[in-house]
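Colleague: Only the shape, not the letters, is given here:
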């Protein structure tokens, strides 16, 4: 079995560019930036940013084009695809992530990337005050758990 799967959560680096294919299907292209925090050899905190090329088709492209803008967070699930073309006698390559599913992040407008998709940030939908949450007073005994 082979696997080509990408999961990313990051911020858009530019507004989505929405175009139509000759078939009439919509295509959205945009960039997504992800950050990684790590410690270097001296123990200092460092941050590295990766930039990803993203492509969405059909209804997903329309939704992203309508609701997403530069700087907004987005969760993307898709696959890697490398395209090649010739220009000025040189062969060019571009690796992109083709979206299979997506979900808007916090502050991304509407929730859910597809019909029936669950909201990604369930904590954002929770009540803002801690007083609204009712926790049981009793402690859970590990011996009571049936597995």
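Modeller: Perfect, thanks for sending it. Predicted model only: the values in this text are computed from it and were never measured. Numbers count the residues shown, from 1 in each chain.
Colleague: Helix or strand: which one has the residue positioned nearest the centre of the chain?
Modeller: Central residue check for the chain by C-alpha atoms, centre = their mean: the C-alpha nearest the mean position is that of residue 75, 1.8 Å away. Per DSSP states H and E: residue 75 is located in strand 73-87.
Colleague: From residue 29, how far out is the residue nearest to the centre of the chain?
Modeller: 18 Å (C-beta to C-beta, to the nearest Å). Every residue, glycine included, has its C-beta placed from N, CA and C.
Colleague: show me where this protein has strands.
Modeller: 6-12, 17-20, 26-39, 45-57, 73-87, 90-104 (DSSP state E).
Colleague: tell me the most buried of those?
Modeller: strand 6-12 (a mean of 17; mean count of other C-beta atoms under 10 Å).
Colleague: Relative to the whole chain's centre, how far out is that one?
Modeller: 4 Å (C-alpha atoms, centre = their mean, to the nearest Å).
Colleague: i'd like the first residue to be 7 from this point on
Modeller: Happy to do that; since the first residue is 7 now, the last one works out to strand 12-18.
Colleague: What pairs with it, parallel or antiparallel?
Modeller: strand 32-45 (antiparallel), strand 79-93 (antiparallel) (DSSP bridges).
Colleague: and these as TSV, adding mean pLDDT and distance to residue 69?
Modeller: Below are the strands paired with strand 12-18 laid out as TSV (pLDDT from 0 to 100; distance: least, C-beta to C-beta, whole Å):
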stretch	mean pLDDT	distance to residue 69
strand 32-45	95	9
strand 79-93	95	11
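Colleague: and residue 70, what does it touch?
Modeller: By C-beta atoms under 8 Å, 6 or more residues apart in numbering, the contact set of residue 70 is 22, 34, 36, 62, 80, 108.
Colleague: how near is it to residue 96?
Modeller: 31 Å.
Colleague: Can you give me the neighbour number for residue 67?
Modeller: 24 (other C-beta atoms under 10 Å).
Colleague: ok, it to residue 112 distance?
Modeller: Distance from residue 67 to residue 112, by C-beta to C-beta: 22 Å.
Colleague: cool, and residue 49?
Modeller: Distance of residue 49 to residue 112, computed by C-beta to C-beta: 31 Å.
Colleague: What of residue 46?
Modeller: Taking C-beta to C-beta, one finds residue 46 at 30 Å from residue 112.
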